[in-house]
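Asker: based on what follows, work out the 3D shape:
(chains A and B)
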Amino acid sequence: MTSITPNQQPDRSAAEGMERSYSRPQTVINVLWTAISFILLGIALLPLLLVLSYVTIKGIGRFNLELFTGQIPAALQEGGGIGSAIAGTLITVAIATLISLPFGILAAIYLSEFSHGQVAEWIRFATNVLSGVPSIIVGIFAYGVLVVTTGKFSALAGGFALAILMLPLIVRSTDEALQLVPQAVRWASNGVGASKYQTVLQVVLPAALPTILTGATLAIARAAGETAPLIFTTLFSQFWSRGLFDPTPTLAVLIYNFATVPFQNQQDIAWAASLVLVLFVLATSILAHWATRKSLYNR
Amino acid sequence: MVSQNQTASPKTKTNAQANQQTDQAVLRTEKLRVFYGDKVALKDVSMEIPKNQITAFIGPSGCGKSTLLRCFNRLNDLIEGCRVEGKVFYRDKELYAAKIDPVEVRRRIGMVFQKPNPFPKSIYENIAYGARINGHKDNLDELVEKSLQQCALWDEVKDKLKENGLSLSGGQQQRLCLARAISLAPEVILMDEPTSSLDPISSQTVEELLQQLKEKYTIVIVTHNMQQARRVSDFTAFFNAEAAEKGNRFGYLVEHKETKAIFDDPQEESTKDYVSGHFG
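Answerer: As a prediction, this is how the structure comes out:
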C-alpha cells in the first residue's frame, strides 16, 4: 500500500464522469422501466377509480333522507328508499359474524397454539379448500340445510351461508396474526409459571388482537357484498323484515334484482344502493387498515 | 447501589476459590444429551452450577450452550422435536422425572431472553402478571416497586407504570424482563445472551446489576462476548461444536472452571484458541 504524502496532488481523474448522463444505456433503461412500471400501476388502479366514480355519479342523485327511510318501491312506484335493505344487510352480516367469529378464532387458536405437524397441515388445507368453494355452492348448501328443512327463506339462513364464507377467512387471518406474536413472548409467559391456556388468553391473544380484528373486518366487508348465497337464502322482500325467520331484503340482492328491470326508478334505487354498499365496504377496509397500524409487535 | 460493586467483587471471588469443591451445587447434569429430531445437538454434558455464583457459558455458534440453558427450566419441552436424555438435577430433584410439573420448575428457575420480550401489557402488569398467575393478590404495588428497584428501573418508570412495557427503550425493556423474573423470587436466573441486542451503555447497566443480584440468586449466563464472561462471571464453561456425520454438528462441554483459570490458564487446546480469539 502506498502512503499518502501531505503535498500529493488530489487525483482529479477519479472523480470525473460522475455527472448524470442521459445518454448512458444504463440510465436510459432505468428510466424506461420506471416509466413502464408506473403506467402499469395506473392501469391496475384504473378499474377501482372507474367503479368508484361511476357508482358515485349514478348513485349520488338519490342520496337523500328518503333513501334511508323510504319503502322499497314496487315496479311503477315513484320515490322510495332502501332503509329496509340496509337493515337486512346489517342483520345478515351480524348473524354471520356472530357465528363465524367465535368458531373461526377458536379454530385458529387450536391451529396456531395447540395442534402439531400433520393435524395442523390438514386443517389448514381444509380451510383453504373451504375458502375456494364458490359462494353460489355455499348458498345452495345453506338452502338445503336451513331453507328446505324449515320451509322458509330467512335472514338466519342468509347469515348461516355468509358465516360459512367468512369462516376460512377468519381462521386464516387469525392463524397468521397469532403466529406473528414472537415465540419468546410465549416462553416468557411460561417462564413466569403460566399454563398454556393462561399464556394464550392473557398474553398471545391480546398481543394479536389488532391484527385479528383487521382480518375479521375484511371478512365482514367481503360478506356484505356477497349476492349469490343470499338469493337462495334470504330471498327478497319489499318490506321491512318481520323477523330473523322471514325473507329479508338486502343491498346485494336488491342491486341484483333492480339492475335488470326496465323501470327507471328502481334502476336509480339500485345505483344508490350500490353507492351505499361500496361506501360500507370502503369504510370497513379503512377501519381495518387503521386497526393494523396499532399492532404491537412489528416484524 | 452501584457503588457496592467494588466491595462485593473481591469478596465473592475469594469465596469462589474457597468453596469451589465444597459449595453446594444448585443445578447438576449427568450425561445430558439433547436431540432435535434424530440429530444430537448436545452430547454427554456432566456439570455442576454452584450456588450464588455467576456461571458463564461460552463457545462458538451451534455449540449447544443455549440448548443446555433451556434444559435447566424445561423450556425445551416447548420446542417441537426436542428430546432430552440423561439427568438434570435441581438440588435433589430430578427435573425430567415424570412427576415433576414443568410449570413449577419454570416458576423457580427464572429466565431472561436474548431479545427483550415484555408482555404487551403495562409496565405494572408486566410484573404483576406473574404474581397473579401464581395466586398472589396482596401487596402487588409493593412487589412491583421492589422488583423494579432491584433492577434499577424504578426511578425511570415510577411515573408511567400504566404505559405499555413495549414503549420503553431496549435496555429498559430488558431490565423490565429481569424484574419480571426476579419478582417471582426464583433461586436461579438463566440468561440467554441478555445484552446481545442492547447498546454498550445499557449492557453495562445490566452487567452491574448482575453483580448485585448474585448475592441473592444463582445466575447462569450464555454469552457470545468473551470479555463479558470475563468481567461478570465467577465460573466459565467452554463448549465447542464438532462435525458429526451428514454435516450435522453437535456441541459438548470442553472445560468448566473458575473464569480466571479458563482465560489465563486453559488446559485444553481448543479453549486456548477460543479465548485468545482464534475462532468463534
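
Asker: wait, a strand at residue B:177?
Answerer: No. Looking at residue B:177 with DSSP: H, G, I helix; E, B strand; the rest coil, it is helix, so not inside a strand.

Asker: near chain B, which residues of chain A? Just list them.
Answerer: Contact residues, chain A versus chain B (Cβ under 8 Å from any Cβ of the partner chain): A:116-117, A:182, A:184-195, A:198, A:202-203, A:206-207, A:296-297. From N, CA and C alone the C-beta is placed, and that goes for glycine too.

Asker: let's see it at 7 Å
Answerer: Residues of chain A that fall close to chain B, judged by Cβ under 7 Å from any Cβ of the partner chain: A:116, A:182, A:184-185, A:187-195, A:198, A:203, A:206-207, A:296.

Asker: now the buried members of those.
Answerer: Buried members of the residues of chain A next to chain B, scored by 16 or more other Cβ atoms under 10 Å in any protein chain shown, are A:182, A:184-185, A:187-194, A:198, A:203, A:207, A:296.

Asker: rewinding a little: tell me which of the residues of chain A next to chain B fall in strands.
Answerer: Among the residues of chain A next to chain B, DSSP state E puts none in strands.

Asker: helix or strand next in line after the top helix by length along chain A, which one?
Answerer: As assigned by DSSP state H, the longest helix anywhere in chain A is helix A:25-59. Per DSSP states H and E, the first helix or strand lying C-terminal to helix A:25-59 is helix A:65-69.

Asker: which elements pack onto the helix or strand that comes right after that following helix?
Answerer: Downstream of helix A:65-69, the first helix or strand assigned by DSSP H and E is helix A:83-109. Here helix A:83-109 touches helix A:65-69, helix A:155-180, helix A:205-224, helix A:251-258, going by 3 or more Cβ pairs under 7 Å, 6 or more residues apart in numbering or on different chains; DSSP states H and E.

Asker: residues contacting residue A:287?
Answerer: Counting by Cβ atoms under 7 Å, 6 or more residues apart in numbering or on different chains, residue A:287 touches residue A:217.

Asker: the host helix or strand of it: which residues count as buried?
Answerer: Remark: residue A:287 resides in helix A:264-293, with elements defined by DSSP H and E. In terms of neighbour count (16+ other Cβ under 10 Å), helix A:264-293 has its buried residues at A:265-266, A:268-278, A:280-281, A:284, A:288, A:291.

Asker: ditto for stretch A:195-215
Answerer: For stretch A:195-215, using 16+ other Cβ under 10 Å, the buried residues are A:198-200, A:202-205, A:207-215.

Asker: next, count neighbours for residue B:185.
Answerer: Applying other Cβ atoms under 10 Å in any protein chain shown, we find 14 other residues in the vicinity of residue B:185.

Asker: oh, that last question was meant for residue B:49, not what I typed.
Answerer: Per other Cβ under 10 Å, the neighbour tally for residue B:49 reads 22.

Asker: compute the number of surrounding residues for the residue lying closest to residue A:263 once chain neighbours are set aside.
Answerer: Nearest residue to residue A:263, sequence neighbours excluded (Cβ to Cβ, 6 or more residues apart in numbering or on different chains): residue A:75, at 5.6 Å. Neighbourhood size, residue A:75 [other Cβ under 10 Å]: 9.

Asker: beta partners for the residue nearest to residue B:244 when sequence neighbours are not counted?
Answerer: Leaving out its chain neighbours, the residue that sits closest to residue B:244 by Cβ to Cβ, 6+ apart is residue B:250, at 5.3 Å. With DSSP bridges as the criterion, residue B:250 is bridged to residue B:242.

Asker: name the residues of the stretch 151-280 of chain B found near chain A, please.
Answerer: Residues of the stretch 151-280 of chain B lying near chain A (Cβ under 7 Å from any Cβ): B:166, B:177, B:180, B:184.

Asker: narrow those to those in helices?
Answerer: B:177, B:180.

Asker: helix, strand, or coil at residue B:41?
Answerer: Applying three-state DSSP: residue B:41 is strand.

Asker: that one contacts residue B:32, doesn't it?
Answerer: No. Counting by Cβ atoms under 7 Å, residue B:41 does not reach residue B:32; the two are 10.9 Å apart.

Asker: pLDDT score assigned to residue B:132?
Answerer: Residue B:132 is assigned a predicted lDDT (pLDDT) of 89.

Asker: helices of the stretch 101-250 of chain B, start to end?
Answerer: For the stretch 101-250 of chain B, the helices defined by DSSP state H, counting those that start in this stretch occupy B:102-108, B:123-133, B:140-150, B:154-157, B:170-182, B:200-213, B:226-232.

Asker: of all those helices, which one is nearest residue A:45?
Answerer: helix B:170-182 (39.8 Å; Cβ to Cβ).

Asker: who touches residue 163 in this structure?
Answerer: In the absence of a named chain, this looks at chain A. A:96, A:99-100.

Asker: let's do chain B instead
Answerer: Here residue B:163 is in contact with B:122-123 (Cβ under 7 Å, 6+ apart).

Asker: residue A:216 reaches residue A:101, doesn't it?
Answerer: Yes. The criterion here is Cβ under 7 Å, and residue A:216 meets it with residue A:101 at 6.1 Å.

Asker: quick one: common contacting residues for those two?
Answerer: Common neighbours of residue A:216 and residue A:101 (Cβ under 7 Å, 6+ apart) are residue A:170.

Asker: which of the two has more residues huddled nearby?
Answerer: residue A:216 (24 against 20).

Asker: state the pLDDT value of the more buried one.
Answerer: The model's pLDDT for residue A:216 equals 92.

Asker: contact partners for it?
Answerer: A:101, A:170.

Asker: if you set the cut-off to 6 Å instead, what comes out?
Answerer: residue A:170 (Cβ atoms under 6 Å, 6 or more residues apart in numbering or on different chains).

Asker: thanks again, I'm all set now.
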